[in-house]
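Engineer: Quick one, what's the 3D model for this:
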Amino acid sequence: MTKQDNSYNKGTGEIDWRVFIPAILIITIVTVPLAVNPKLGQSLVNASFNFVTDKFGWMAMLVPPISIAFLLWLALSPYGRIKLGRPEDTPEFSTITWIGLLFCCGVGSSILVWGVAEPVYYIDGPPLGLEPRSTAAYSIATALPTFHWGINGWAIYCVATVAIAYSMYVRGEPRARMSQACAPVLGRHTNSGLGPAMEVLVVVGTVGGFGTSLGLGVPFVTGFVSKFLGVPESLWISAGVLILWTSIFAVSVYFGLEKGMKWLAQINLWLALAVMLFILLAGPTLFIIDNAINSLGAMFSNFISLSFSLEPYNFKTVIDETTQAVVSVTRTGGFPQWWSVFYWFWFLALMPISGIFLARCSKGRTIRELVFGVLILCTLGCWIVLSIMGGYTMYLQKTGLMDVAATLAGSNPGATAAAVMFTLPAQALMAPLFALLALIFLATTLNAASYSLASICTKELTGYEQPTRGFRLFWAIVIGSFAVGILLTAGLEPLRTIQSSSVVLGLPLIVAWFIMLVSIVKYLRQDFGSRLAPKVEHFIPEDKGGV
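Structural biologist: Got it, this is the predicted structure:
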């Protein structure tokens, strides 16, 4: 198929039932009991969460530093010049729009919530043995969100993005899937057995993982709506927010990547910049700027320690009161298990779906552009948002203007974030804008999810095609209906359970992450040899004949 422009053709629309049916069945089997008996479901998943973070946390901690080192090697080597596309392909999005698509897909409205809540948790439970509520604890509290949301998380996404983009646009493979990117290792099992099973795991993990975005984003928007209207929060307001959100991203899904997602990402990016600028100027401007620079120093000076800290000396010892003999010694989780390990598993759970969408947006760019765009520009965007929101929150807490910690202890992170934003002036104007920003963030992120889910469940789909409109809408409705149903039947508690399930699902994806690292190297050496000729800019294997 000759392709002279950047427009997408419609895919075959043939559903891969080997992936679709098992995934839908598993989602149904898991969610129905959660709705009927949420407490039992939550206790089981939380027990699994504790087991995974305790026994396999060391594996998760190695993923970000290895990913960063690998990607820097790849981008700075001659392989970085390889174009992800045909020779005539040019980037289909401007740099601003491209970064907007990457950023909005990768963070969602969760960054607005955690930008407020995360530093507050850290001042009472800081890492590295720091004293709670000390000056050092405050200093590192605003650095840790950037540590988690910045280059470490983006590096996990970027490994999958490079692998999938290379498979689609350089090798010309007919499937937009993680398993296809792992073909050099999976071999004949890519399209039968192990390959489809891997994609079923991806689909289930995506629905569970994006429940985290809903669990955080919906209370945030609901808090704004209830405070703005002067009515108490209720389940029906949450349901109304979800219905409005579903409508926004269903419309954008209908118009596809070139129009719907592009427009939504542009609105999202500029609205986010406007809101952040307002907080910066309306809040304690100099304090926020000073704190942002200070947080960079705190993160850089502690980066290595935080990257490998697992606090192995946290034990709970039970002693018999009569004999004074040690009855049992149990390892207890600390800061790394509850925070860093959680984040790395969460990013791993969402890695395949984010990788597919980020790869879709990066056609026509080089590997070097992709790596530096994701690692540097997206990290910079996270630092700006987290520094402004976190700096303002810490100012309120430290000066006593608002006891954010007490509010968070008696509420959820989303409602707390909304309460913090209502301390700013011009509430009548800014409250609707904050709520709209959160809704668009949600819509943009989950649009990417539905787009990628439709791609995975389509039998054949090249990098120059997109899934059919009806199938994209189907997944938009599935995700929206899933969230509405859970809220109406059992409140927000099951969504907490879904958050923990995303961590459990991240464990097997460590294996997939490692396979993709090996597959990228195998592809490059197979196609280019151990050294890339200086003049070679693009390659499509002769036996593939391109797309």
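Engineer: What residues of the strand or helix carrying residue 525 count as buried?
Structural biologist: Secondary structure assignment for residue 525, by DSSP states H and E: helix 508-528. Going by neighbour count (16 or more other C-beta atoms under 10 Å), the buried part of helix 508-528 is 509-510, 512-517, 519-520, 523-524, 527. For every residue, glycine as well, the C-beta is placed using N, CA and C.
Engineer: Repeat that for stretch 237-247.
Structural biologist: Under 16+ other C-beta under 10 Å, the buried positions of stretch 237-247 are 237-239, 241-242, 245-246.
Engineer: With stretch 403-410 instead?
Structural biologist: 404-405, 407-408.
Engineer: residues in contact with residue 116?
Structural biologist: 389-390, 393, 404, 413, 416-417, 420-421 (C-beta atoms under 8 Å, 6 or more residues apart in numbering).
Engineer: what's the biggest helix by length in the chain packed up against?
Structural biologist: With secondary structure taken from DSSP state H, the chain has its longest helix at helix 38-76. On a contact count with 3 or more C-beta pairs under 8 Å, 6 or more residues apart in numbering; DSSP states H and E, helix 38-76 meets helix 17-36, helix 151-165, helix 285-308, helix 341-361, helix 367-372, helix 493-506, helix 508-528.
Engineer: residues in contact with the last one?
Structural biologist: Contact with helix 508-528 is made by 56, 59-60, 63, 66-67, 70, 74, 79, 82, 156, 159-160, 162-163, 166-167, 170-171, 178, 181-186, 198, 201, 205, 348-349, 351-352, 532, 536, 539, 541, as judged by C-beta under 8 Å, 6+ apart.
Engineer: Can you tell me which of these are buried?
Structural biologist: For the contacts of helix 508-528, buried by 16+ other C-beta under 10 Å: 59-60, 63, 67, 70, 74, 79, 82, 156, 159-160, 162-163, 166-167, 170-171, 178, 181-186, 198, 201, 205, 348-349, 351-352, 532.
Engineer: And residue 204, how far from residue 197?
Structural biologist: 11 Å (C-beta to C-beta, to the nearest Å).
Engineer: Give me the more crowded residue out of those two.
Structural biologist: Between residue 204 and residue 197, counted using other C-beta atoms under 10 Å, residue 204 has the larger neighbour count: 21 against 15.
Engineer: quick one: contacts for that one?
Structural biologist: Taking C-beta under 8 Å, 6+ apart, we find residue 204 in contact with 23, 26-27, 30, 505.
Engineer: And the buried ones among these, selectable in PyMOL?
Structural biologist: In PyMOL, this line selects whichever of the contacts of residue 204 come out buried by 16+ other C-beta under 10 Å:
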select buried, resi 23+26+27+30+505
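Engineer: how about JSON lines for the contacts of residue 204, with pLDDT added?
Structural biologist: Compiled in JSON lines, those are given as follows (pLDDT from 0 to 100):
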{"residue": "23", "pLDDT": "87"}
{"residue": "26", "pLDDT": "83"}
{"residue": "27", "pLDDT": "76"}
{"residue": "30", "pLDDT": "70"}
{"residue": "505", "pLDDT": "72"}
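Engineer: From the contacts of residue 204, pick the one nearest residue 431.
Structural biologist: residue 27 (34.9 Å; C-beta to C-beta).
Engineer: just to revisit the earlier point, among the contacts of residue 116, name the ones in helices.
Structural biologist: Per DSSP H, the contacts of residue 116 map to helices at 389-390, 393, 404, 413, 416-417, 420-421.
Engineer: how much space between the most centrally placed residue in the chain and residue 458?
Structural biologist: Geometric centre of the chain, nearest residue: residue 106, 4.7 Å, by C-alpha atoms, centre = their mean. Residue 106 is 23 Å from residue 458, where distance means C-beta to C-beta.
Engineer: how about JSON lines for the buried residues of stretch 403-410, with distance to residue 191 added?
Structural biologist: Shown next, in JSON lines, are the buried residues of stretch 403-410 (distance: C-beta to C-beta, whole Å):
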{"residue": "404", "distance to residue 191": "52"}
{"residue": "405", "distance to residue 191": "52"}
{"residue": "407", "distance to residue 191": "52"}
{"residue": "408", "distance to residue 191": "48"}
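Engineer: what's the closest of those residues to residue 122?
Structural biologist: residue 405 (10.6 Å).
Engineer: No more questions from me, cheers.
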